[in-house]
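Undergrad: Structure for this input, please:
(chains A and B)
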Amino acid sequence: MKVKGKVFKYPDNVDTDVIIPARYLNTSDADELARHCMEDIDKDFVKKVKAGDVIVAGWNFGCGSSREHAPLVIKTCKTGCVIAKSFARIFYRNAINIGLPILECPEAAEEISFGDEVSVDFDSGVITDMTTGKTYRAAAFPPFIQNIISSGGLLASLKKHSS
Amino acid sequence: MGMTMTQKILAAHAGLEAVTVGQLIVAKLDMVLGNDITTPVAINEFQKAGFTQVFDKDKVSIVLDHFVPNKDIKAAEQSKQCRKFACENCISHFYDVGKMGIEHALLPEQGIVTAGDCVIGADSHTCTYGALGAFSTGVGSTDMAAGLSAGVAWFKVPSAIKFELEGKLPANCSGKDLILTIIGMIGVDGALYKSMEFTGGGVKNLSMDDRLCICNMAIEAGAKNGIFPVDEVTLSYLEGRSERQPVIYAADEDAEYERVIKIDLSEITPTVSIPHLPENTRKAEELGDVKIDQVVIGSCTNGRMEDMQAAYRVLKGRKIAEGVRCIIIPATMKIYRECIEKGYITAFIDAGAVVSTPTCGPCLGGYMGILAEGEKCIATTNRNFVGRMGHVKSEVYLASPFTAAASALTGYITYPSEELL
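TA: Below is the predicted model of the structure:
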């Protein structure tokens, strides 16, 4: 699987409160929630994001609350993937569990700039910044997690194993 | 090689003799928890995957606490969905208005979680129960749904940071000042994916409410869990309370730690985290020119009886400064009632505060104390992120109940001097 798109760049410690503020959590409707994606850090994100675009951020992306609504709104906005220097652990689990592609790659996250065109090949983990011509390789997922992803999420993999 | 306390609990729940750092395991769960925000998403996923029944009706807790009493129609619908699911599945630990409390104050208080447990909760502050000597961690709604259906969760065995605590906290400090100091020291991702294991001779001097507060904020350092050894304080807290027999695990002598941090509790001072990260810690005494509009004393971090008592000691017979809104929220109905019986609530109202029934409310900017543009609040809550309690240009300062109450009296962030207590 591959995605290609423009980069939205954010700093370290992007927390789940700015990804989806709690004032909107009185619903679990993904489309309604997605209208507020990144609202408290970047009001223009939902207006500008196009299918396949890529969020690039610093250390500890998705810190704070356990709200799965955070990866859900990013996915619902059709964001191609999130590349960060590191992810907060609950966000990491949630992204895997719901099928939002995420990649840990400190070098790429440092060097790629806002507005660059990037392509990401999930099979090889290769990230290409088409604007600068540089390529990066993200760390591969352990087989256990690859299995969750290839099954289509945690519950699907659980069903597969129980049957 | 020896195992840490966390590793031992995980090994036992995975049916393994031993586990090593980085190993991926599937562990049996003693409790699966959700609240009125995360449970609806979990129910949707549970049903979408074709599951019809929870794995064990006695090992599931659903607590309506974030937006109850219902803040609006949409929140009411979410609570209704939880209520229906709990009823259909005969969930024994379902807590609605009148019985509820903030989940992480309620579950330990009611004896629903105990020493040696392996617990997941679809709420990041589920790490609180490490205070009881349990492995307990926050997850998302899909993990909760998986837990509900199968009673298991996958974990990557964490490495650990050991905190060796010695001595005793000063009288005007509490567990909150200690955990804020630690987060300031190691940063908001200083314990990312790791356990924070608290040990040392100073542990015996920390009350259970202090320990619950300390483990509660382990997540604010990025940790997977925080955990205390089981000692006499733990056992006397659990006695007559635990539904299940506590199981005591202790770290091996030769357990490996990534890092050991020694802390002399007597050197802790009243500490405040300034906007917009919990790691931005300062001494309370350095912030005397920060003028505040609101004070919140409550939350899963500091809404317990000792926190109410701290607020009472400072506010009793005194007046809250003109122009300051002080909101006090006892975390459970039991605490609320005890505050009434002890005369705390009368004292709070006489001082000029407002007292709410239990809710997470303002902590996450839900309701009951939302901030306007440019307003500042000192709160005993756990996060001071951008927009956390309201407007994106409002500010939250995190502090202990002593510091928050002292600040309510002056209208500025105030060092809680011993004469005030």
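Undergrad: How about stretch B:394-402 and chain A, touching?
TA: No: for stretch B:394-402, no contact with chain A is found by CB under 8 Å from any CB of the partner chain; the gap never falls below 10.6 Å. Backbone N, C-alpha and C define where each C-beta goes, glycine included.
Undergrad: quick one: average pLDDT of that stretch?
TA: Average pLDDT, stretch B:394-402: 98.
Undergrad: Same check on stretch A:71-79?
TA: Stretch A:71-79 shows a mean pLDDT of 97.
Undergrad: Now do the buried residues in it.
TA: Buried residues in stretch A:71-79, counted by 16 or more other CB atoms under 10 Å in any protein chain shown: A:71-77, A:79.
Undergrad: Can stretch B:172-190 be said to contact chain A?
TA: Yes: using CB under 8 Å from any CB, we find that stretch B:172-190 touches chain A at B:188-189.
Undergrad: which helices and strands does the longest helix seen in chain B pack with?
TA: For chain B, the longest helix by residue count, based on DSSP state H, is helix B:73-88. Judged by 3 or more CB pairs under 8 Å, 6 or more residues apart in numbering or on different chains; DSSP states H and E, helix B:73-88 is in contact with helix B:38-48, strand B:60-63, strand B:93-95.
Undergrad: quick one: it to helix B:38-48, angle?
TA: On the basis of axes from the mean of the first three to the mean of the last three CA atoms, to 10 degrees, helix B:73-88 is oriented at 60 degrees to helix B:38-48.
Undergrad: what about the helices and strands packed on helix B:73-88, which gets the closest to chain A?
TA: Among these, helix B:38-48 comes nearest to chain A, with 4.5 Å by CB to the nearest CB.
Undergrad: what pLDDT, on average, does that closest one get?
TA: 97.
Undergrad: quick one: is that helix near chain A?
TA: Yes: for helix B:38-48 and chain A, the contact criterion (CB under 8 Å from any CB) is met by B:38, B:40-41, B:44-46, B:48.
Undergrad: quick one: which of those residues is most hemmed in?
TA: Neighbour counts for the residues of helix B:38-48 next to chain A, by other CB atoms under 10 Å in any protein chain shown, peak at B:T38, which reaches 31 neighbours.
Undergrad: Pull the contacting residues for the nearest residue to that residue once chain neighbours are set aside.
TA: Counting by CB to CB, 6 or more residues apart in numbering or on different chains, B:T38 lies nearest to B:A122, which is 3.5 Å off, once chain neighbours are set aside. Shown in contact with B:A122 (CB atoms under 8 Å, 6 or more residues apart in numbering or on different chains): A:66, A:68, B:33-35, B:38-39, B:41-42, B:138-141, B:143-144.
Undergrad: If we look just around chain A, which residues of the stretch 301-421 of chain B are in range?
TA: Counting by CB under 8 Å from any CB, the stretch 301-421 of chain B sits next to chain A at B:364-366, B:370, B:383, B:385-388, B:392.
Undergrad: Return the closest of those with respect to B:R83.
TA: B:R83 has its nearest neighbour among those in B:G366, at 18.6 Å by CB to CB.
Undergrad: What is the neighbour count of the closest one?
TA: Neighbourhood size, B:G366 [other CB under 10 Å]: 23.
Undergrad: Would you map the strands across the stretch 151-300 of chain B?
TA: B:152-156, B:160-166, B:195-199, B:225-227, B:259-264, B:271-273, B:281-283, B:294-297 (DSSP state E, counting those that start in this stretch).
Undergrad: List the contacts of residue 145.
TA: You didn't say which chain, so I picked chain A. Residues in contact with A:I145 (CB under 8 Å, 6+ apart) are A:96, B:24.
Undergrad: actually chain B
TA: Neighbouring residues of B:A145 by CB under 8 Å, 6+ apart: A:155, B:42-43, B:45-46, B:49, B:51.
Undergrad: Could you identify the pair within those that is furthest apart?
TA: Greatest spatial distance in the contacts of B:A145: A:L155 and B:I43, 12.3 Å, computed using CB to CB.
Undergrad: From chain A, how far out is the most centrally placed residue in chain B?
TA: The C-alpha lying nearest the average C-alpha coordinate of chain B belongs to B:N216 (CA atoms, centre = their mean; 3.4 Å). According to CB to the nearest CB, to the nearest Å, B:N216 stands 13 Å off from chain A.
Undergrad: Isn't that residue up against B:S124?
TA: No: in this structure B:N216 lies outside contact range of B:S124 using CB atoms under 8 Å: 9.7 Å.
Undergrad: ok, what's across the strand from B:K28?
TA: B:K28 has these beta-bridge partners by DSSP bridges: B:V152.
Undergrad: quick one: the closest residue in space to B:T20 that isn't next to it in sequence and chain A, what's the gap?
TA: Distances taken as CB to CB, 6+ apart put B:V157 closest to B:T20, at 6.4 Å, once the chain neighbours are dropped. Noted for B:V157: a distance of 12 Å to chain A, by CB to the nearest CB.
Undergrad: B:V157: what's it in contact with?
TA: Contacts for B:V157 were tallied using CB under 8 Å, 6+ apart; they are B:7, B:10, B:19-25.
Undergrad: and those, which of them are in strands?
TA: In strands, judged by DSSP state E, the following of the contacts of B:V157 are found: B:24-25.
Undergrad: residues in contact with B:V21?
TA: Contacts for B:V21 (CB under 8 Å, 6+ apart) come out as B:7, B:157-159, B:256.
Undergrad: top of those residues by neighbour count?
TA: When neighbours are counted by other CB under 10 Å, B:Q7 leads the contacts of B:V21 with 28 neighbours.
Undergrad: Can you give me the pLDDT of that residue?
TA: Note on B:Q7: pLDDT of 98.
Undergrad: and if you look at the one 3 residues further on?
TA: Taken from the predicted model, the pLDDT recorded for B:L10 is 98.
Undergrad: Against chain A, how distant is it?
TA: 15 Å.
Undergrad: before we move on, the earlier item: quick one: the helices and strands packed on helix B:73-88 as JSON lines, columns for distance to B:F228 too.
TA: Output for these, formatted as JSON lines (distance: least, CB to CB, whole Å):
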{"stretch": "helix B:38-48", "distance to B:F228": "26"}
{"stretch": "strand B:60-63", "distance to B:F228": "21"}
{"stretch": "strand B:93-95", "distance to B:F228": "23"}
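Undergrad: who's in contact with the residue lying farthest from the centre of chain B?
TA: The C-alpha centroid of chain B is most remote from B:G50, which lies 33.0 Å away (CA atoms, centre = their mean). Each residue near B:G50 by CB under 8 Å, 6+ apart is listed here: A:K159.
Undergrad: For the stretch 101-250 of chain B, which residues are neighbours of chain A?
TA: Within the stretch 101-250 of chain B, the positions lying close to chain A (CB under 8 Å from any CB) are B:121-124, B:126, B:138-143, B:145-146, B:149-150, B:154, B:188-189, B:192-193, B:219, B:222, B:224.
Undergrad: Show me those residues that map onto helices.
TA: Among those, the members falling in helices (DSSP H) are B:141-143, B:145-146, B:149-150.
Undergrad: would you turn those into TSV with pLDDT and distance to B:G343?
TA: Conversion of these to TSV gives the following (pLDDT from 0 to 100; distance: CB to CB, whole Å):
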residue	pLDDT	distance to B:G343
B:S141	98	41
B:T142	97	46
B:D143	97	43
B:A145	98	45
B:A146	96	47
B:S149	96	47
B:A150	94	48
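Undergrad: need these in JSON lines with distance to B:R304, can you?
TA: Shown next, in JSON lines, are these (distance: CB to CB, whole Å):
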{"residue": "B:S141", "distance to B:R304": "27"}
{"residue": "B:T142", "distance to B:R304": "31"}
{"residue": "B:D143", "distance to B:R304": "27"}
{"residue": "B:A145", "distance to B:R304": "30"}
{"residue": "B:A146", "distance to B:R304": "31"}
{"residue": "B:S149", "distance to B:R304": "33"}
{"residue": "B:A150", "distance to B:R304": "33"}
